[in-house]
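Participant: What follows is a predicted structure for the sequence shown.
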Amino acid sequence: MIAAPTEPELLYPLTLFFGSAGRAVPAFQVIDSAEMPQPYRGLLVHQGDMTSRLEEFHGGAMELRVLHREHTPTAYRREVVLQLATTGIPVEYGAIEIHLEAFSPELRALIIEAHLPLGGLLNQHRVQYRSEPKAFIKLSADTGMSQVFGLQQDAEFFGRCNVLRGEHDEVLATIVEVLRPLVAGGANSEP
């Protein structure tokens, strides 16, 4: 099933950032979790955070690089790249809207500082939460996304549209997470 890029509710907040930059949203296909190829299935199909999964898979800590951000009294939106702290290799693109009112003032300040990924902060501060993936996606080859990952050629990408919920079922964040293309036996290298 090919989904039209005009489905803003599914790809939000990616659609917000792409629209603000005058970029076309890549064509995408919604895929069943069982159809997600490995190693993407192991990285995307779960109810945990991406930060710890990526750190385990790539064997190192993640650091956050903010591409764009905007902040209102109740929401903090940012377009980010998670990259390996040791090499700087980008491994995940994320577009996220964080509902600030769901967090303590201390944690809110740390979120806005944008030094650590949200999953890492939630784990450090022992915040109870779960991921609820709304859809798993395959993005068509896109020059802009390839540039985010520093790829020399356009590639297809796998990701998920996700909602983080707190212990009382409140929405903590809405996220679109897209992984760098991976190659068998060389997770950290370019395909």
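Facilitator: Done, it's in.
Participant: Check the residue of the chain most remote from its centre and give its pLDDT.
Facilitator: The C-alpha centroid of the chain is most remote from residue 105, which lies 23.9 Å away (Cα atoms, centre = their mean). At residue 105, the pLDDT value in this model is 94.
Participant: Check the gap between it and residue 93 for me.
Facilitator: Using Cβ to Cβ, to the nearest Å, we find residue 105 at a distance of 29 Å from residue 93. C-beta coordinates here come from the backbone N, C-alpha and C atoms, glycine included.
Participant: tell me which element residue 91 is part of?
Facilitator: strand 90-99 (DSSP states H and E).
Participant: which secondary structure elements does that strand contact?
Facilitator: helix 14-20, helix 50-58, strand 62-71, strand 75-84, helix 143-148, strand 171-179 (3 or more Cβ pairs under 8 Å, 6 or more residues apart in numbering; DSSP states H and E).
Participant: ok, now with 7 Å
Facilitator: On a contact count with 3 or more Cβ pairs under 7 Å, 6 or more residues apart in numbering; DSSP states H and E, strand 90-99 meets helix 50-58, strand 75-84, helix 143-148, strand 171-179.
Participant: Neighbouring strands of that strand in the sheet, and parallel or not?
Facilitator: strand 75-84 (antiparallel), strand 171-179 (antiparallel) (DSSP bridges).
Participant: Would you mind finding the most buried of these?
Facilitator: Mean neighbour count (mean count of other Cβ atoms under 10 Å) peaks for strand 171-179 among the strands paired with strand 90-99, with a mean of 23.
Participant: Okay then, goodbye and thanks.
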